[in-house]
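following is a predicted model, sequence given first.
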Amino acid sequence: MKKKYASHFRRATRLSVYGIIFQLMLVNFTIAHGAGTQKAISIQKVFIKTAYSDATLKAVFDDIESKTDFVFTFDIKDNFLNERFSSPFKRKSIETILKEISGQSKLAFRQTNNNISVTKSTRGSRVIEVIQVSEDIEIKGKITSFGDKLGLPGVTILVKGTNQGTVTDVDGNFSLSVPDENSTLIISFLGYETREESINGRSIINIELSEDAKGLDEFVIIGYGIQKEREVTGSITSVEADQLEDQPVGQFVQKLQGRMAGVQISQASGTPGGGMAVRIRGAASINAGNNPLYVVDGFPIVGDINTINPNEIESFSVLKGASASALYGSRAANGVVLITTKRAKPGQTSVQLSVIQGVTQVPQRGRADLMNAREFLEDRKAIYEDKIRYEGYTGGIPDLYQNPEAYNGPDTDWYDELLQAGKQNSYNVTLLANKDNFSSATTLGFFDEKGAVINTGFQRFSLRTNNEYKINNNIRVGLNLAPTHQLSRNQATDGYYSILYSAIITPPIFSPNDVDENGNQKVSFTGPGLFTFPNWKKTMMETMDRSATNRLLSNAYFEADFLSDFFFKSSVSVDLGNSKRRVFNPSTAGGIFSPPPKLATGSYSTTDYSSWLTENTLNYSKNIGNHFIDALVGYSAQKFHQENNVLTGTGYPDDEVPWIDAAAIRYGNSNMSEWSLLSMFSRLNYNYMGKYLLSLSVRRDGSSRFGSENRWGTFPSVSAGWIISDEGFMADFSDLSYLKIRGEYGHAGNFNIGNYSQFGNISSTNYVFGGALAQGRSPVSIGNPFLTWETTVGIDLGVDVGLFDDKISLVFDYYDKRTNNMLYQVDIPYGTGYSNIQDNIGEFHFWGYEFGVNARLIENSQFRWNADFNISFNRNKVIQLGTNNTPLGGLGDYSSNIWKTEVGKPIGQFYGYVFDGIYKTQEEFDSQATHVTSSVGTVRYKDINEDGVINVDDKTYIGNPNPKFFYGLNNNFYFKNFDMNVVIAGSYGGKMYYSLAEWTETLEGIFNVEKYMKNRWRSLDEPGDGIIGRTLSGTTAFPRTNQDRLALDGSHLTFKNITLGYTLPEFSKNVSSARFFLSLQNAFVITSYLGANPESSWQGLNGLQEGVDVSPYPIPRTYALGLNFNF
Amino acid sequence: MKKLATILAILIMSSCSEDFLDLVPESSITTGNFYKTEDHFNQALAGAYASMRASKGSVQEWVMAEMRSDNTHFEFNITNRGTRYAEQEFTDFFMDDVNSSVVANRYNSSYIGIARINEILDQVSDSELSQDKIDQIYGEASFLRALLYFDLVRYFGAVPLYLTAVNGADDAYLPRAPVNEVYQAIINDLENAVNFLNPVSFPQNGRANEGAARMLLADVYLTTKEFPKAESELSKVLQMGYSLLNNYEDVFELSNKNSVESIFEIQYQQGNQGQNSDFLYPFLPLSADVSLLTGINSQNLQGGGWNTPTFEMIAAYEAGDKRLPASVGIVEGTGQIGNLFIDELKSPVNYVPTPGKRTYAFIKKYQNPHALERNTDDNFPVYRYSEALLSMAEALNEQGRPADALQYLNQVRVRAGLNPETTTSQQALREIIASETRVELAFENKRWFDLLRTDRAIAVMNANGEYLKEFYAGESYIPEMSYKVTAEKLLFPIPLREIRIGDLQQNPGY
């Protein structure tokens, strides 16, 4: 998808110099004033008294316009305004004056009503022409933007074949006299399609202009600037936020799913206000993370990105390529996401109101299918029967299980008990004003989500105001402020042994409303041979975990154009944030391993941070003949400071007072951390004739995070492109409207190793001597003064193609990058007293392909359909690991530790046993390889190393969680006033480990289990389905270890959003547009995967540890009704 | 243009200073600015002592040194089959494998302490502290390192011998040093410690002193069967002013922490400073209300039911032994395993189970008053004077001097309310001393090492396995393959991670 920037180049204030240049280049026609509508008098009959002495023609025309009703129109490209003209003082007709000018400057004039068009005279004849339009037709109308239905100010409207025309006013209205009723209007506006509209006798002509999908006029945001899309040589994807506005979601990242090639976005969890994971081009690092750098209006931000109200955002640009991102130096290795917030367009004054109200509900698909009460009791009975039969158990079958048929107690679906019908409401008001010297865009937002899980929710109050004041034509100052206040209520709903993970296995025979002998609601449940389970619903309702976050993102700048080619900008950005979190676990709340009642505990933690950036950049851009040069130098300093305080309390006498004050024992921690970064950067963009493109850049970063011996690093890049379609020899290929090839090479770094890692840290380790506390301190890590960033060196080769007048555009990219000097906690023997040492070692190799297509499939006045599709293939391989190439992981038995990363193999694959059924007969057991705990009827894994014994040496790779490819498909349909948008995202070929089975397939009989567990091995005669083994003591742990049977195909196709909209016909002068829509978010998922969410991943998209589904917070389906009003 | 470039250059130069990038952690101290002052060394030494809690004072220690022996077992809890449970059970069952986190934690925690000590020993000799202070630090640190290596060599056999601080990956990889080298290092450390440590003075404060070092050295010599050397060290220990308290029961009273009977113990203190112990709770039954046992409003639904004295152990006490009621308590109640409703606390002396009640035996030594749940004040004993006496008896008897041994043995017996022994048969006395040691030091994490030292582990533990399998036959949870105790099982496996990362050789049988 492309970004059309030219229409509102003012947004990119930093580079308004570009705006000016391109405005001059692209605006062909200038209309001096709106044309008068009254019946005109012939120029022969209008006389003025005047004298000109070496005046420019501009001055002459201005003079005539000021003294008469006539208006001159001309093509600015003709470039005659500076020609000089002299004439003595005298009363003359306009015709006479124009004749004099014509003779001197070879110009032709043509009067149509009050309009005098001026053209270069090509022939000698008829330099003055007067058309008496007796039947002049008055027309008027309004030009609006197709996207947001807002009036477009400054649109040029010309009568075809004349220089007669006008421009729209600030509301998009115009009126014009046309020579005859069959005239055709040419309506053009920078960045929008140019339309020709026949008048056909109409007197009111309202037109919607679509933004221009053609390549010529598009701009993209790049690091420290904007660039014409055509001239971009790096790999960049961008999305305009107004395409995304209908989605009822709280985080902007959710809206980007499926939109961009090369950008993998997963919703790993449905937690309100969280759960999203982003990974660009398969980025992975062992320890330094793989989150991209987010840059908001030029400010690389450190804190949470979810505090940003999606409605404040105007566009996203994702810098994927090695050179595209390289200008961000030591932070760019994982890609860079540039976010631009809303600005008012020139001449625009409007109020936009957007309301979305939705209800959410957790889909049935993918919920675990556990036994109901009766099945559960029957199953327990069977377990006891087997115990008696095989193990000499003498305790008898407990009464509870003896007669399942007669059971008439509760039958609880514990998962369902924790869900509720959620709500999602979003309100946004945007005020846009750009008049005179002042421009302002203010968005006020409120987002409120009531979670789909009980006692969870999220609220965000946000304000952003972006203001710019023009001191004069060359100097501007701006101030942007964006405060947010965010509240969330959470529970332990994600991760291993979370409430949702654990509640599922609670036997259905217990009900959250069960009471004890005193009539109080039970806090925990147990039964014969059963685990003790907390009353999850009570736990959920009574546990308090509340966070409040305040943030102020602010940015002030000064910018100046000078010496016509220079542009200087100086800015200071500050990000202030604080959050507090209060947790209280009453005595009635518990977890799976800590059932209540237990002592109440509480904590209160606060975090305050500040991050400031000061930045100065100087641009020089100039056209010298066919050479275009754009140079940038810049300098920036950034510092981050954070303070954390945590108070924990235990020993509460009761649950009455949840504050720490009531706790008998209180611990406090308080600490701070900081980092700083100094950077110098420079870039040169050069092109010759607009078709041979070159870009060079270099950045130098110094960071406090790195060792004193290795503090500064340099990140160079180069990229080049060639627009082949502009060459003469391509003229024959008329269907190929655009063809560009490009290549890039660059270095980028990753500095996310935490602060102070170069130092060996010392922790407090107190002791007691003689009954008195003795302060103790001990080293807890080994320092490394040579520590430095990890470097990713990459290349990218790309092709951009436009076909059929750019109705179809294609992008193809191939990339290849290597990350080396990885920030790596090298595992060292524990004999040293430490598990690892921070070092730069190891190398990963990444490569892949991306393909995108954007097509305007159908375009006519009634129906339009456009679609875009993208697909990405990412691959990787481990080249080198720690000192001995020791593999990472692969040691654990359970899915919390299932991954192994080994040299020569892709990163982070599942590692475990290969399931091979069960030993159904004594003969199978006797003749086949067995584990030390094996028995007839127990699980059989494959003897991979064929040594006759099943043990850890038989583990092997059992699946790769990385998809073979992921894709997105986005369709837009417009039919009359209706519009429809369908967003699809999916992936193919990645494995997902169904971790829940570790508990829902337990054989000990202590949990509720999957329905199919009753088909287990009972005896030689009843061997079951050959998948589930027997319940014999001592054999029941091994069947739960990591195995390929539970590594399921996670391929999926998800209808992320379906929106149906209707725009009301104009009904009031006060409302410029009104639209209603129905939006269905997370509509449905097509997948064979067993679990609810095939995007689920315990550790997000972290590369090394992906694809383990721990039954996180479910992703609700949202049914929303929205409306947009523009005033 | 030039002017602007100048301005820009000034802007850049003025703030582009390295100071901006030199950030050190304000709220914590780093290795770069530590080990400078006497205070620093005192703190580092306290940190080395504190490491003992995670190694010698840990859950793993009672799992591996007590529960693995015939003294204790556990209450099988069908309702919790988590890995942590299973691994602790497997240690009891002699089914540990290379993945056991119990074993790995015990291994790792020892080395964490050793690393702290190595750092102190490396740094203190270059420090500007007074010689007295250097000696004292040197002595205490050496003692602690010897204590840690002594455990390692007994649990794992040959282990990597790190004797200097590791500064980077280059010096991180050491092979397993032969057992005799490890013992030599231990003895070297203790000889230093004996020289540099302060003599014993009372009241003691929990720091290592000459007495502790000589006791440890004697224990080492008993283990290596160098009995004359052991005798020599013990004879000095016996003259340092230690004595037995009058009542065995009093030894574990909170008021007798670091008493005249104490030679070395791991220090704890209840309260909110994070110095408390909590090992009482794992020994108590799983129950929603254990206030009858703790004296305070408390529950024990997490991690109870461990290290329970077997009835064979209870029977091992002679009739009239005052140590039995002081060491073991019996709880009766109803309800299933996982949540016992405690009715009554009973004495193990002549205990007869009440029909219809569940019985749970627990270690009573550490059952002391405390104010908050899971926040106890008890120290954990490492060496007591009674062990010095019993060790002396053993050293003398093993040298063929049973008659000389009797006086030391009988001091312990008499305090327990038993008649003095009179036999002078070396073999008979060997049995008696072993048995006496078992009950005197019961539940102090000594038994497994004693069985190893006296070469009786294989026979005793196979017999114990048969006993347990029969005793719990109806409950069907002891796997068939358990308690197959061979010579290979006398060592624990080196943790898998260390084998892989350190390229170490595994012990045979794993």
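On my side now, so go ahead.

may I have the phi/psi pair for whatever residue of the stretch 901-1050 of chain A ends up closest to chain B?
Residue nearest to chain B within the stretch 901-1050 of chain A: A:Gly1034 (3.3 Å; C-beta to the nearest C-beta). For the C-beta atoms, the positions are set from N, CA and C on the backbone; glycine is no exception. Main-chain torsions, A:Gly1034, degrees, to the nearest 10: phi 90, psi -10.

and A:Ile984, by the same measure?
Per degrees, to the nearest 10, the backbone of A:Ile984 is at phi -120, psi 140.

just checking, it touches A:Ile1058?
No. Counting by C-beta atoms under 8 Å, A:Ile984 does not reach A:Ile1058; the two are 9.4 Å apart.

centre of the chain to stretch A:173-180, how far?
Averaging C-alpha positions (C-alpha atoms, centre = their mean, to the nearest Å) puts stretch A:173-180 45 Å from its chain's average.

restrict that stretch to CA atoms and write it as PDB.
Only the C-alpha atoms of stretch A:173-180 are listed here, as PDB (Å, rounded to 0.1, in the frame of the first residue of the first chain):
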ATOM      1  CA  ASN A 173     -17.500  24.700  -2.400                       C
ATOM      2  CA  PHE A 174     -17.100  26.400  -5.800                       C
ATOM      3  CA  SER A 175     -19.100  28.300  -8.300                       C
ATOM      4  CA  LEU A 176     -18.200  29.000 -11.900                       C
ATOM      5  CA  SER A 177     -19.600  30.300 -15.100                       C
ATOM      6  CA  VAL A 178     -19.100  28.000 -18.000                       C
ATOM      7  CA  PRO A 179     -19.400  28.800 -21.700                       C
ATOM      8  CA  ASP A 180     -22.000  26.200 -22.500                       C
END
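
buried ones in it?
For stretch A:173-180, the neighbour count (16 or more other C-beta atoms under 10 Å in any protein chain shown) marks A:Phe174, A:Ser175, A:Leu176, A:Ser177, A:Val178, A:Pro179 as buried.

is it true that the last one touches A:Arg110?
Think A:Pro179. No. A:Pro179 lies out of contact with A:Arg110 (C-beta under 8 Å); the separation is 10.9 Å.

in the stretch 351-500 of chain A, what residue comes closest to chain B?
When scored by C-beta to the nearest C-beta, the stretch 351-500 of chain A has A:Glu391 as its residue closest to chain B, at 3.4 Å.

so what secondary structure elements neighbour the host helix or strand of B:Arg413?
According to DSSP states H and E, B:Arg413 maps onto helix B:402-415. Secondary-structure packing of helix B:402-415 (3 or more C-beta pairs under 8 Å, 6 or more residues apart in numbering or on different chains; DSSP states H and E): helix B:385-398, helix B:426-440.

could you give the mean pLDDT of the first one?
Read it as helix B:385-398. When pLDDT is averaged over helix B:385-398, the result is 97.

now do the last one
What helix B:426-440 shows for mean pLDDT is 96.

just checking, what packs against it?
Applying 3+ C-beta pairs under 8 Å, 6+ apart, we find helix B:426-440 packed against helix B:311-316, helix B:323-327, helix B:385-398, helix B:402-415, helix B:447-453.

now mean neighbour count too, for the ones you listed, in CSV please.
Listed next are the helices and strands packed on helix B:426-440 as CSV, based on neighbours: other C-beta atoms under 10 Å in any protein chain shown:
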stretch, mean neighbour count
helix B:311-316, 17
helix B:323-327, 22
helix B:385-398, 26
helix B:402-415, 20
helix B:447-453, 21
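
want to throw those into a markdown table with distance to A:Thr792?
Output for the helices and strands packed on helix B:426-440, formatted as a markdown table (distance: least, C-beta to C-beta, whole Å):
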| stretch | distance to A:Thr792 |
| --- | --- |
| helix B:311-316 | 63 |
| helix B:323-327 | 64 |
| helix B:385-398 | 61 |
| helix B:402-415 | 70 |
| helix B:447-453 | 53 |
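
got a list of what the closest residue to B:Ser482 other than its chain neighbours touches?
Spatial nearest neighbour of B:Ser482, excluding adjacent residues (C-beta to C-beta, 6 or more residues apart in numbering or on different chains): B:Phe93 at 3.6 Å. Contacts for B:Phe93 (C-beta atoms under 8 Å, 6 or more residues apart in numbering or on different chains) come out as B:Ile478, B:Pro479, B:Ser482, B:Tyr483.

I'd like to know how far B:Phe93 sits from B:Gly465.
Computed as C-beta to C-beta, to the nearest Å, the B:Phe93 to B:Gly465 distance reads 8 Å.

what helix or strand does residue 383 sit in?
Just so you know, I chose chain A. Per DSSP H and E, the secondary structure element for A:Ile383 is helix A:373-391.

oops, chain B please
Going by DSSP H and E, B:Tyr383 is part of strand B:380-384.

and that strand, which strands flank it?
Sheet pairing of strand B:380-384 (DSSP bridges) gives strand B:262-266 (antiparallel).

give me the contacts around the partner strand.
With C-beta under 8 Å, 6+ apart, strand B:262-266 has contacts from B:52-53, B:56-57, B:204, B:206, B:208, B:211-212, B:215-216, B:237, B:242, B:256-258, B:379-385, B:387-388.

try it again with 6 Å
Contacting residues not belonging to strand B:262-266 are listed as B:Met52, B:Arg53, B:Gly57, B:Gly211, B:Ala212, B:Met215, B:Asn379, B:Phe380, B:Pro381, B:Val382, B:Tyr383 [C-beta atoms under 6 Å, 6 or more residues apart in numbering or on different chains].

so what touches whatever helix or strand comes next after it?
Using DSSP H and E, the helix or strand that follows strand B:262-266 in sequence is helix B:280-283. With contact meaning C-beta under 6 Å, 6+ apart, helix B:280-283 is reached by B:Asn300, B:Gly303, B:Trp306, B:Asn307, B:Phe362, B:Ile363, B:Tyr366, B:Arg374, B:Thr376.

name the residues of the longest helix anywhere in chain B that are buried.
Counting by DSSP state H, the longest helix found in chain B is helix B:131-156. Across helix B:131-156, burial judged by 16+ other C-beta under 10 Å covers B:134-156.

do the same with stretch A:955-969
Per 16+ other C-beta under 10 Å, stretch A:955-969 contains these buried residues: A:955-963, A:965-969.

show me the shaky parts of the stretch 901-1050 of chain A.
The model of the stretch 901-1050 of chain A has no residue with pLDDT under 70.

which parts of it are helices?
For the stretch 901-1050 of chain A, helices defined by DSSP state H, counting those that start in this stretch occupy the ranges A:922-927, A:997-1000.

now those helices as TSV including mean neighbour count and distance to B:Glu488?
Shown next, in TSV, are the helices of the stretch 901-1050 of chain A (neighbours: other C-beta atoms under 10 Å in any protein chain shown; distance: least, C-beta to C-beta, whole Å):
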stretch	mean neighbour count	distance to B:Glu488
helix A:922-927	12	25
helix A:997-1000	22	31
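
for B:Glu140, see how far away the residue in the stretch 151-300 of chain B that chain A sits nearest to is.
Closest residue of the stretch 151-300 of chain B to chain A, C-beta to the nearest C-beta: B:Asn205 (3.2 Å). Relative to B:Glu140, B:Asn205 is positioned 12 Å away (C-beta to C-beta).
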